[in-house]
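Student: here are the coordinates; sequence isn't available:
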């Protein structure tokens, strides 16, 4: 019954209004265009842009989008529907894991924490490949952890390898490095007592190679072995760039994963004296905790990506669960940090319409032509829209007051469920306006002050860290530079609006 309830609530959160806003980021439009091209051309083995193969696009998520478009047509809703389904499956999975590790309350809190944080919610409403990749990568680590506690460890290792191989087929081989480094970090933290033997690792890696190997064989037979070889060479060339990609994921860590990211700091406070009659936590959940810490640190320090929100959600959910059950108390500075971060997010939402109302004044003091053209787009804003930011500040404040009064369950429910509902409302209101600014600035070429040379140097940071050159909406096509075996001659593909000079 609880599984059905979680699925219904998640469906009500993630499915409605998926097509209310046009595809926003270049990666969203690129993947959707590749899926539509598959349906038009009938070439399903490799993503294409016209007749040019896309050597930086893996097919698994594109296949899901193509299947969605078969059912619902080529639309923004169909392009985003797979991620909504993955969001529902993710919440059901974390509930099942939490119930297995402790009880159903941990599973419910884990699902609430995940659905009520900004970054996971926005990704489940997007058309990016990140949610599927993150889900499969997380499952591969979870099954690796279960090897030591399973009655059939080789089967569990095979399941871990299968999830790892499907993650490679979604977003590339970097996940293999993350997986092995996570295993190494856990081996160090446990002083070599992992319960995983070399034979288990061998089965894991062997099975992980099968999905990508089978797909490359199909590409070679269908498209020619030259295409398969070019794809492998291109991926080998860009693999080093994925690691240590810059500070983007670090300075978005707390606001992006709010509110669950704040509960990570509750691990810093000293533990009180444990009663001799208190039951210690089970060994397996302590091991899972160590695995999640290892995975989180590996992602943040070696390969920054949105994958960090899944291990972080477990670490936060465990603390939330302990607080709600009365096994742990929040310190004053924990609640103050929660309130401060929430107020900062609310102020950012307040400044958004303020900048739109006073765009003429701001544009005169800005030298950057792109930002100035972005502000000068003819979009109506009203000062009444600052109420959205004020409402969110009020929501966080009331939640923190309840937490200060030790009403932990009520305060936590208001915080996470209120944030989930607020994100949906704010996304429906602000999303089309932000999209319209970007469309008028770049697609319609409204400002002649932006030259093609300047525009080509404007990276757009999206959820999976790639830099492309333009926001788009509505009619579009993809222009891809023909592949060369030399990595230096390969430029990022440019997604352009149909009929525009950009």
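Tutor: Yep, that arrived. Bear in mind that the values here come from a model prediction, so they are computed numbers and not experimental data.
Student: Would you mind listing the buried residues in the helix or strand encompassing residue 236?
Tutor: Using DSSP states H and E, residue 236 falls within helix 225-242. Neighbour-count burial for helix 225-242, with 16 or more other C-beta atoms under 10 Å as criterion, is recorded at 227, 228, 230, 231, 233, 234, 235, 242. (Glycine included, C-beta is placed from N, CA and C.)
Student: What of stretch 317-334?
Tutor: Buried, per 16+ other C-beta under 10 Å, within stretch 317-334: 317, 318, 319, 320, 321, 322, 323, 324, 328, 330, 334.
Student: just stretch 286-298 next, same as before
Tutor: Residues of stretch 286-298 classed as buried by neighbour count (16+ other C-beta under 10 Å): 287, 288, 289, 290, 291, 292, 293, 294, 295, 296, 297, 298.
Student: Can you tell me which of these is nearest residue 268?
Tutor: Using C-beta to C-beta, residue 293 comes nearest to residue 268 of those, at 13.0 Å.
Student: so where does residue 209 fall, helix or strand?
Tutor: Per DSSP H and E: helix 198-223 holds residue 209.
Student: What helices and strands are in contact with that helix?
Tutor: helix 153-171, helix 174-189, helix 225-242 (3 or more C-beta pairs under 8 Å, 6 or more residues apart in numbering; DSSP states H and E).
Student: weakest of the ones you listed in terms of mean pLDDT?
Tutor: If the helices and strands packed on helix 198-223 are sorted by mean pLDDT, helix 225-242 sits at the bottom with a mean of 85.
Student: what's the offset of that one from the middle of its chain?
Tutor: 24 Å (C-alpha atoms, centre = their mean, to the nearest Å).
Student: Determine the set of other helices and strands touching it.
Tutor: strand 52-53, helix 198-223.
Student: for the ones you listed, which one ends up most surrounded?
Tutor: Highest mean neighbour count among the helices and strands packed on helix 225-242 (mean count of other C-beta atoms under 10 Å): strand 52-53, with a mean of 18.
Student: Got the domain ranges for the protein?
Tutor: Dividing the chain into domains by automatic domain parsing, as the record does, gives the ranges 2-268+284-324, 332-443.
Student: Return the member of those domains having the minimum mean pLDDT.
Tutor: Among those, domain 332-443 scores lowest, at a mean of 88.
Student: gap between that one and the chain center?
Tutor: For domain 332-443, the distance to the chain centre is 20 Å (C-alpha atoms, centre = their mean).
Student: repeat for stretch 72-92
Tutor: 14 Å.
Student: Quick check: buried residues in that stretch?
Tutor: So, applying 16+ other C-beta under 10 Å, buried residues of stretch 72-92: 74-88, 90-92.
Student: need the contact list for the residue lying closest to residue 217 once chain neighbours are set aside.
Tutor: Leaving aside its chain neighbours, residue 217 sits nearest to residue 228 (7.9 Å; criterion: C-beta to C-beta, 6 or more residues apart in numbering). By C-beta atoms under 8 Å, 6 or more residues apart in numbering, the contact list for residue 228 reads 216, 217, 219, 220.
Student: show me the contacts for residue 177.
Tutor: Residue 177 touches 243, 302, 303, counting by C-beta under 8 Å, 6+ apart.
Student: Select only the buried ones of the residues you listed in PyMOL?
Tutor: To isolate in PyMOL the members of the contacts of residue 177 that are buried, counting by 16+ other C-beta under 10 Å, one can use:
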select buried, resi 302+303
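Student: Turn the contacts of residue 177 into a markdown table, columns for distance to residue 257.
Tutor: Listed next are the contacts of residue 177 as a markdown table, based on distance: C-beta to C-beta, whole Å:
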| residue | distance to residue 257 |
| --- | --- |
| 243 | 21 |
| 302 | 18 |
| 303 | 17 |
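Student: Go through the contacts of residue 177 and say which is closest to residue 128.
Tutor: residue 303 (16.8 Å).
Student: any idea how far residue 98 is from that closest one?
Tutor: 26 Å (C-beta to C-beta, to the nearest Å).
Student: Repeat that for residue 82.
Tutor: 24 Å.
Student: likewise residue 310?
Tutor: Residue 310 is 13 Å from residue 98, by C-beta to C-beta.
Student: So which residues of the chain form strands?
Tutor: 48-49, 52-53, 460-461, 467-468, 476-479, 494-497 (DSSP state E).
Student: So which of the buried residues of stretch 72-92 belong to helices?
Tutor: Using DSSP state H, the members of these that fall in helices are 76-88, 90-92.
Student: What residues sit buried inside the lengthiest helix in the chain?
Tutor: Longest helix in the chain by number of residues (criterion: DSSP H): helix 408-438. Using 16+ other C-beta under 10 Å as the test for burial, helix 408-438 gives 408, 411-416, 418-420, 422-424, 426-427, 430-438.
Student: ok so, going back, quick one: which of the helices and strands packed on helix 225-242 is nearest residue 12?
Tutor: Here helix 198-223 is closest among the helices and strands packed on helix 225-242 (C-beta to C-beta), at 33.1 Å.
Student: so the closest one versus helix 225-242, what angle?
Tutor: 130 degrees (axes from the mean of the first three to the mean of the last three C-alpha atoms, to 10 degrees).
Student: Any idea how far helix 198-223 is from the middle of the chain?
Tutor: That offset, for helix 198-223, works out to 25 Å (C-alpha atoms, centre = their mean).
Student: Next, the angle helix 153-171 makes with it.
Tutor: Using the same axes, to 10 degrees: helix 198-223 against helix 153-171 is 40 degrees.
Student: quick one: contacts for residue 239?
Tutor: Residue 239 neighbours (C-beta under 8 Å, 6+ apart): 172, 173, 174.
Student: winner for burial among the domains of the chain?
Tutor: Most buried among the domains of the chain, counting by mean count of other C-beta under 10 Å: domain 2-268+284-324, with a mean of 20.
Student: What is the end-to-end distance of it?
Tutor: Domain 2-268+284-324 has an end-to-end distance of 19 Å (C-alpha to C-alpha, to the nearest Å).
Student: What's the separation between residue 130 and residue 113?
Tutor: Taken as C-beta to C-beta, the span from residue 130 to residue 113 is 18 Å.
Student: returning to that earlier point: in helices only, show me the buried residues of stretch 317-334.
Tutor: 317, 318, 319, 320, 321, 322, 323, 324, 334.
Student: Do a quick rundown of the helices in the stretch 351-500 of the chain.
Tutor: Assigned by DSSP state H, counting those that start in this stretch, the stretch 351-500 of the chain shows helices spanning 359-364, 369-375, 386-404, 408-438, 452-455.
Student: Thanks a lot, see you next time.
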